[in-house]
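Peer 1: what follows is a predicted protein model with its sequence.
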Amino acid sequence: MLLLSHFSSKSSLSFSPFSRSFTAIFSPLHSIRRPTRFHFNPSASFKSPSCPLRGPYLSCQVSTSGRTGCVSMDSSSPDVAVSVDSVADDLKNQSLGRDRGDSHDDSHSKRVRLALEDLNWDNSFIRELPGDPRTDLFPREVLHACYTKVLPSAEVDNPQIVAWSEPVSELLDLDPREFERPDFPLLFSGASPMMGVVPYAQCYGGHQFGTWAGQLGDGRAITLGEILNSKSERWELQLKGAGKTPYSRFADGLAVLRSSIREFLCSEAMHSLGIPTTRALCLVTTGKMVTRDMFYDGNAKEEPGAIVCRVAQSFLRFGSYQIHASRGKEDLDLVRSLADYAIKHHFPHFENMNKSETVSFSTGDEDHSVVDLTSNKYAAWAVEVAERTASLIASWQGVGFTHGVLNTDNMSILGLTIDYGPFGFLDAFDPSFTPNTTDLPGRRYCFANQPDIGLWNVAQFTATLSASQLINDKEANYALERYGNKFMDDYQAIMTKKLGLPKYNKQLISKLLNNMAVDKVDYTNFFRLLSNIKADTSISEDELLFPLKAVLLDMGKERKEAWISWVKSYIHELSSSGSTDEQRKASMDSVNPKYILRNYLCQTAIDAAEVGDFGEVRRLLKLMERPFDDQPGMENYARLPPAWAYRPGVCMLSCSS
């Protein structure tokens, strides 16, 4: 299986608008063709003419029965004992009046520090968009609505806080002392309501493994609302694993400790790597057991339950728009309403565009037509969503991150890494690596495929906007072209910095990645050690590989010669850079992490936490806050994975959580 162009001069992409193909970097495993306008059929499985894989695909939505698809349920509404609105009204004017002034005499003393009761909740999503008139939890299709109001319902028994993120608390102006409150675990497990919140679950759909899956929605995530901080930033808080919603289908709406630890830690680790991501405020155990079949093999077992509080400026996804476009003319206005909402709150620079800005571009078509983005804010928005997505995936490729479940319902319109399921960072470099056991039949979402899958997903998003008559075909094609160009620009810049090169060198990087794939070299450790190479052409062949000996293991004569040849070429390239070895090392070490959240490190923390020891979770959280720094005494966390790290359930996981 091939990854890089570098491995192949043939392009399997047929997106005619592209001036540059991904195969300048990646050789896709499957061809992707530009889709024509979509015609959704919500009553049948969607067959996309541009789907790069053929055959049946399993849904990755959590379900205790393993069943998938769109659920058509009886529309009768059971009685509801307590409504969301009544709880919100009761809490609206409550306040414990706790004094949370800026009393700390430290480096953070000037920042705002608020008690939970003093947070500024806004709830614009439910105020500005149409909602479900029902508030019951009965599984059903939710029509003509963007959300359903629903209260957290997960049962708890002496919940405990596992860990919390101080950087995220600062985003919210939340006083760190609030995490010491005895009622904090109750509040963030949803067992006790918070003042000012109006909880809801979002309605969305999506393509899962290339097939239209119909309505999905927040089946176990319940948004509490949005907080406006002292900088007027909007942050949405969401409890994942807080109980059933109308979108839960056959599942229980709960989450287990192992998956919650992984999401909590990776959300913060990715942020520290400089990669756009949703964040995590805190993680609490529920004190209750949850039944899960980890490998979908009929061997279910009980696991500790947990809830993670996720934080993002928005949890809107591509699928948030797709679901309404799929339902025909009656719901197309909802696509426009959601687009207007997103632009107003998250892309306000498109509200005030004018012709004087001359944001227009040639499409490169034979008729030399022009796309004027100032004449259509939705087209400008689509282009930015495409570029943010491309930039995000380029950053994943640079650090060796594989998402594992790149369904369209897992794609953020803000270009954030969202929904951490069976993710994985590359250990031994393998372009075909997928951390998802559900993905094994076709490896649709393997590391090599991520750039093309990102493009495919953006094509589904732009097709939705086209179907809703927000953009035309030329504007849709231009957004796809911009995805390709942005990915190429960002990926080439990332790889150039990782190698400390004066300029991008396709041939040199191609040969390097080929060598790494052949010898299964550890991705992270190799690039970290590469900064120790000296730009000295007089170094003897016997000493050339010495700085890399910790990662170039068990090589025969032929492979050793291949690496010596590459290092010679690399040193020759470095010698023209004009930088000193020390300058280059500092620059390379600032982009090549020493510490990444390897799956086996997560598993070690999970094993301890499941018996009540949360120390390793907290240690990893602190370690991953500074992934580029040499942290004395922590070197063991950067070592190559032990043999047990490759067992099922560690290196690869299912979507069970």
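Peer 2: Everything's here; your move.
Peer 1: those strands in this structure, which residues are they?
Peer 2: Secondary structure of the chain (DSSP state E): strands located at 147-149, 160-164, 200-202, 205-208, 211-215, 221-228, 234-240, 279-292, 301-312, 360-362, 370-372, 401-402, 424-425.
Peer 1: quick one: these as TSV, columns for mean pLDDT too.
Peer 2: Supplementary listing: these in TSV, determined by pLDDT from 0 to 100:
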stretch	mean pLDDT
strand 147-149	98
strand 160-164	98
strand 200-202	98
strand 205-208	98
strand 211-215	97
strand 221-228	98
strand 234-240	98
strand 279-292	96
strand 301-312	97
strand 360-362	59
strand 370-372	80
strand 401-402	98
strand 424-425	96
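Peer 1: which strands and helices sit next to whichever helix in the chain runs longest?
Peer 2: Across the chain, the longest stretch assigned as helix under DSSP state H is helix 473-499. Contacts defined by 3 or more C-beta pairs under 8 Å, 6 or more residues apart in numbering; DSSP states H and E place helix 473-499 against strand 370-372, helix 377-399, helix 450-467, helix 506-519, helix 523-530, helix 581-589. From N, CA and C alone the C-beta is placed, and that goes for glycine too.
Peer 1: okay, the angle between the longest one and helix 473-499?
Peer 2: This means helix 377-399. Calculated by axes from the mean of the first three to the mean of the last three C-alpha atoms, to 10 degrees, helix 377-399 forms an angle of 30 degrees with helix 473-499.
Peer 1: ok so, going back, any idea how far the longest helix of the chain is from the chain center?
Peer 2: Relative to its parent chain, helix 473-499 has a centroid offset of 18 Å by C-alpha atoms, centre = their mean, to the nearest Å.
Peer 1: repeat that for stretch 217-226.
Peer 2: For stretch 217-226, the distance to the chain centre is 17 Å (C-alpha atoms, centre = their mean).
Peer 1: same check, this time on stretch 471-487
Peer 2: 22 Å.
Peer 1: same question for stretch 468-479.
Peer 2: 25 Å.
Peer 1: first-to-last residue distance for it?
Peer 2: Stretch 468-479 has an end-to-end distance of 16 Å (C-alpha to C-alpha, to the nearest Å).
Peer 1: before we move on, back to that, could I get the helices and strands packed on helix 473-499 as JSON lines with distance to residue 334 and mean neighbour count?
Peer 2: Shown next, in JSON lines, are the helices and strands packed on helix 473-499 (distance: least, C-beta to C-beta, whole Å; neighbours: other C-beta atoms under 10 Å):
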{"stretch": "strand 370-372", "distance to residue 334": "26", "mean neighbour count": "17"}
{"stretch": "helix 377-399", "distance to residue 334": "14", "mean neighbour count": "23"}
{"stretch": "helix 450-467", "distance to residue 334": "11", "mean neighbour count": "25"}
{"stretch": "helix 506-519", "distance to residue 334": "44", "mean neighbour count": "18"}
{"stretch": "helix 523-530", "distance to residue 334": "43", "mean neighbour count": "22"}
{"stretch": "helix 581-589", "distance to residue 334": "48", "mean neighbour count": "15"}
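Peer 1: so which of these comes closest to residue 640?
Peer 2: The closest of the helices and strands packed on helix 473-499 to residue 640 is helix 523-530. By C-beta to C-beta, the value is 6.9 Å.
Peer 1: now that closest one: average pLDDT?
Peer 2: Average pLDDT, helix 523-530: 98.
Peer 1: now residue 589, nearest residue through space, not along the chain?
Peer 2: Closest residue to residue 589 apart from its sequence neighbours, by C-beta to C-beta, 6 or more residues apart in numbering: residue 531 at 5.4 Å.
Peer 1: now for the one you found: which residues touch it?
Peer 2: 500, 584, 585, 588, 589, 592 (C-beta atoms under 8 Å, 6 or more residues apart in numbering).
Peer 1: columns pLDDT on top of the residues you listed, output as CSV?
Peer 2: Formatted as CSV, the contacts of residue 531 follow (pLDDT from 0 to 100):
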residue, pLDDT
500, 97
584, 97
585, 97
588, 98
589, 98
592, 98
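Peer 1: ok, of these, which one's closest to residue 399?
Peer 2: residue 592 (8.7 Å).
Peer 1: separation between the residue nearest to residue 589 and residue 636?
Peer 2: 21 Å (C-beta to C-beta, to the nearest Å).
Peer 1: before we move on, what about residue 653?
Peer 2: Applying C-beta to C-beta to residue 653 and residue 636 gives a distance of 24 Å.
Peer 1: quick one: which of those two has more around it?
Peer 2: Each of residue 653 and residue 636 has its neighbours counted (other C-beta atoms under 10 Å); residue 653 has more, 26 against 6.
Peer 1: mind checking pLDDT for the more buried one?
Peer 2: For residue 653, pLDDT reads 70.
Peer 1: could you verify my assumption that it touches residue 438?
Peer 2: No. Using C-beta atoms under 8 Å, residue 653 is not in contact with residue 438, being 9.3 Å away.
Peer 1: what's the overlap in contacts for these two?
Peer 2: residue 422.
Peer 1: how about the most centrally placed residue in the chain, nearest residue that isn't a chain neighbour?
Peer 2: Nearest to the mean C-alpha position of the chain, by C-alpha atoms, centre = their mean, lies residue 417 at 1.9 Å. Once flanking residues are discounted, residue 417 sits nearest to residue 277: 4.1 Å by C-beta to C-beta, 6+ apart.
Peer 1: neighbours around the one you found, how many?
Peer 2: 23.
Peer 1: what residues does it make contact with?
Peer 2: 267, 270, 271, 416, 417, 418.
Peer 1: thought the second one was touching residue 395?
Peer 2: Going back to what we said before, that points to residue 270. No. Counting by C-beta under 8 Å, residue 270 sits too far from residue 395 to count as a contact (9.0 Å).
Peer 1: how near is residue 143 to residue 130?
Peer 2: 10 Å.
Peer 1: around the closest residue in space to residue 424 that isn't next to it in sequence, how many other residues sit close by?
Peer 2: Take residue 424 and drop its neighbours on the chain: the residue closest to it by C-beta to C-beta, 6+ apart is residue 435, 3.2 Å away. Using other C-beta under 10 Å, residue 435 has 24 other residues around it.
Peer 1: thinking again about what came up before, format the contacts of residue 277 as CSV; extra columns: pLDDT.
Peer 2: Converted to CSV, those look like this (pLDDT from 0 to 100):
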residue, pLDDT
267, 98
270, 98
271, 98
416, 98
417, 98
418, 98
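Peer 1: hmm, residue 568 is touching residue 544, no?
Peer 2: Yes. The criterion here is C-beta under 8 Å, and residue 568 meets it with residue 544 at 7.0 Å.
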